[in-house]
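In: have a look at this prediction, sequence included:
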Amino acid sequence: MPSQPILLFDDECGVCRKIAAWVKRSAQLKSGGTSLIVRPIGNDPEALRRLNPELDIWQAYATIHVVMPDQSLKLGGEAVAEVLRRLPRTSWLARSFAVCIFGLRPFQALLNLGYLILADVRPLFGCESCGSPSPWVRAIKWFMKLPKLALGEHRPNTTPHFSTRTRPLPLR
Amino acid sequence: MNDETAVLADSSSGRVPMLTRASFAAQVLQGEGPIAVEFMSYGCAHCRAIEPILQQVAAMVKGKEKIFQVNVAVDQGLADSFAIQGTPTIVMFLNGEEAGRVEGASPNLSSVLTAVTQPFE
C-alpha cells in the first residue's frame, strides 16, 4: 500500500477525467514526488478490493472515493476535502473544512452540498456514467432530449456503447 | 485461474458470472438450454441500477436458466460481434442461438424477470 492517498476517478466520464488530470498536475511536488496518487477505477473489482476489502466497484463509479494509506475510505465531500488538503496549492483552503463550530463543520457541510450538486449536474454535461439524474436535473435533461425524442433517436435506459468497429450511437 | 475456473468461482459466490471472449463460446454458444447474457460496463449508470435486480433474478431462475455478464469495456470485440449499441443489453440464447434481446430494461424486478424469461416461453 503506497504512503499517499489514492484518488479513484471515473475514466468513462469526461468531467471526471478533466478534474482528475488537474488534480494529477497539481499533486506534483517540487521535490519530484507526488502528494496524491490519481488512478482510474478500471474494470477489475478484485484489484479494487485489494486496496480495501469493502471497496465495491459499482459504488466507486457512483461517488468519489479516496483510499487512505491506512486503507480507510473517504467518500463524497470528505474525499474532495482530503484531495484539496493534499494539493500544495489548495491545502490552505482545506483547513477551513476542519473548522468546527458548536460541534458542526459548516464549511465541510457546504462542500458536501457542493459535491452533491456537482454530482447531480454531471449528466447535463453528457456524462452517462455519473448516476441517474435527480428529479430537478431530470426535468432539464428531458427538455434537452426533446429534439432527439421528436426524431426518434432516443434509446431509453441504455448507455451508448462506443466501439471502434460498430457505428456508435450519437451522444444524448 | 483460467477462464473456466473463474466462471465456476463466480457461480459458487452466488454472483452472476462474468464471461470473457475465451469463456463465452464454451458457456453460451456451446451451452445447452436457455441462457441470458447481460452486456454491461461498470461505468454505466443504467447497469448500476439494474445490477441488484439482475442478481435477484439470477437467484430466482437458478436451475431453469443461466445468466452471465459480459463487460463491454473489456471485451469490446465480443460486444461488436453481437452488435451491442448500448448498455445494458440483455441477449437471450437458446442452445447457442440468439432467441431475443432487450435494451435498457427498466430497473424493476418484473421488467428484468420478463426480459430474461419471455423469449423462452
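Out: That came in fine, so what should we check first?

In: what's the local residue count around B:A25?
Out: Look at B:A25: counted by other C-beta atoms under 10 Å in any protein chain shown, it has 13 neighbours. Backbone N, C-alpha and C define where each C-beta goes, glycine included.

In: so residue 49: helix, strand or coil?
Out: All of this refers to chain A. Of the three states, A:R49 takes helix under DSSP: H, G, I helix; E, B strand; the rest coil.

In: meant chain B, my bad for not saying
Out: B:A49 ends up helix, using three-state DSSP.

In: roughly how far apart are it and chain A?
Out: As judged by C-beta to the nearest C-beta, to the nearest Å, B:A49 and chain A stand 6 Å apart.

In: what's residue 102 sitting at in phi/psi?
Out: Reading this off chain A. The phi/psi pair for A:F102 (degrees, to the nearest 10) reads phi 50, psi 40.

In: was after chain B, sorry
Out: phi -130, psi 130.

In: ok, it - contacts?
Out: B:V102 sits next to B:89-90, B:115 when contact means C-beta atoms under 8 Å, 6 or more residues apart in numbering or on different chains.

In: 10 Å - rerun?
Out: A:157, B:36, B:38, B:88-92, B:111-112, B:114-116, B:118-119 (C-beta atoms under 10 Å, 6 or more residues apart in numbering or on different chains).

In: quick check: bridge partners of it?
Out: B:I90 (DSSP bridges).

In: how near is it to B:S111?
Out: 8 Å (C-beta to C-beta, to the nearest Å).

In: kindly report the domain assignment for chain A.
Out: A:6-120, A:135-172 (automatic domain parsing).

In: buried deepest among those, which one?
Out: Highest mean neighbour count among those (mean count of other C-beta atoms under 10 Å in any protein chain shown): domain A:6-120, with a mean of 16.

In: does any part of that one sit near chain B?
Out: Yes: against chain B, domain A:6-120 shows contacts by C-beta under 10 Å from any C-beta of the partner chain at A:10-13, A:16, A:40-45, A:48, A:56-62.

In: taking the residues you listed one by one, which sit in helices?
Out: A:16, A:45, A:48, A:57-62 (DSSP state H).

In: want to throw the residues you listed into JSON lines with pLDDT?
Out: JSON lines is the format used below for those (pLDDT from 0 to 100):
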{"residue": "A:C16", "pLDDT": "84"}
{"residue": "A:P45", "pLDDT": "92"}
{"residue": "A:L48", "pLDDT": "93"}
{"residue": "A:I57", "pLDDT": "94"}
{"residue": "A:W58", "pLDDT": "92"}
{"residue": "A:Q59", "pLDDT": "92"}
{"residue": "A:A60", "pLDDT": "93"}
{"residue": "A:Y61", "pLDDT": "90"}
{"residue": "A:A62", "pLDDT": "87"}
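
In: biggest separation within these, which pair?
Out: A:C16 and A:P45 (18.8 Å; C-beta to C-beta).

In: show me the shaky parts of chain B.
Out: B:1-14 (pLDDT under 70).

In: that one: helices as residue ranges?
Out: Using DSSP H, helices in chain B cover B:3-12, B:21-24, B:45-60, B:76-81, B:109-117.

In: so how far is B:E97 from the residue lying closest to B:M40 once chain neighbours are set aside?
Out: Excluding its sequence neighbours, the residue lying closest to B:M40 (C-beta to C-beta, 6 or more residues apart in numbering or on different chains) is B:C47, at 4.0 Å. Here the criterion is C-beta to C-beta. By it, B:C47 lies 25 Å from B:E97.

In: of the two, who's got more company?
Out: When B:C47 is set against B:E97 and neighbours are counted by other C-beta under 10 Å, the residue ahead is B:C47, at 28 against 8.

In: distance of that one from B:V112?
Out: Distance from B:C47 to B:V112, by C-beta to C-beta: 12 Å.

In: who touches both of the two?
Out: Joint contacts of B:C47 and B:V112 (C-beta under 10 Å, 6+ apart) are B:38, B:54, B:88.

In: of these, which is the nearest to A:W142?
Out: Nearest member of the shared contacts of B:C47 and B:V112 to A:W142, counting by C-beta to C-beta, is B:P88, at 20.9 Å.

In: that closest one: what's it in contact with?
Out: Applying C-beta under 10 Å, 6+ apart, the residues contacting B:P88 are A:157-159, A:161, B:38-41, B:44, B:46-51, B:54, B:69, B:72, B:102-105, B:107, B:112, B:115.
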